[in-house]
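[1] dropping the sequence and predicted coords here.
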Amino acid sequence: MSARFALFSLFKPQIIRVVLNPVKLTWPDQDGGSRMLPNYLEDLQNPLWLVTRD
């Protein structure tokens with residue numbers, strides 16, 4: 001169970017920026033009916049990690 005909880009750790013140095021609309025979508029290079037893929041520009045510095053690292 002601890003390995004599963006490590007995936008969702010709130011104290012990682014960086015976390016994925018989770019917002020509703022600003023994700024840019026890109027088409028795959030060879031469009032064979034594939035869906036568009038999310039293009040995340042950068043991760044967000046985790047404020048919980050910044051506070052607890054001192």
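    Good, I have the coordinates.

[2] any idea how far residue 1 is from residue 51?
    26 Å (C-beta to C-beta, to the nearest Å). In this view, the C-beta of every residue, glycine as well, is placed from N, C-alpha and C.

[3] which one of these two has more residues nearby?
    Each of residue 51 and residue 1 has its neighbours counted (other C-beta atoms under 10 Å); residue 51 has more, 9 against 5.

[4] just give the closest residue to residue 52, not the sequence neighbours.
    Leaving aside its sequence neighbours, residue 52 sits nearest to residue 11 (C-beta to C-beta, 6 or more residues apart in numbering; 6.2 Å).

[5] what about the one you found, which SS state?
    Three-state call for residue 11 (DSSP: H, G, I helix; E, B strand; the rest coil): coil.

[6] all helices for the protein, in order.
    Taking DSSP state H as the test, the helices found in the chain are 2-7, 47-52.

[7] among these, which is nearest residue 15?
    Smallest distance to residue 15 across these (C-beta to C-beta): 8.4 Å, for helix 47-52.

[8] contacts for the closest one, please.
    With contacts defined as C-beta atoms under 8 Å, 6 or more residues apart in numbering, helix 47-52 is touched by 10, 11, 12, 13, 14.

[9] want to throw the residues you listed into CSV with neighbour count, pLDDT and distance to residue 44?
    Putting those into CSV (neighbours: other C-beta atoms under 10 Å; pLDDT from 0 to 100; distance: C-beta to C-beta, whole Å) gives the following:
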residue, neighbour count, pLDDT, distance to residue 44
10, 9, 79, 13
11, 11, 80, 14
12, 14, 83, 10
13, 10, 84, 10
14, 11, 84, 7
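
[10] now the residues you listed in TSV, with distance to residue 43?
    TSV is the format used below for the contacts of helix 47-52 (distance: C-beta to C-beta, whole Å):
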residue	distance to residue 43
10	14
11	14
12	9
13	9
14	4
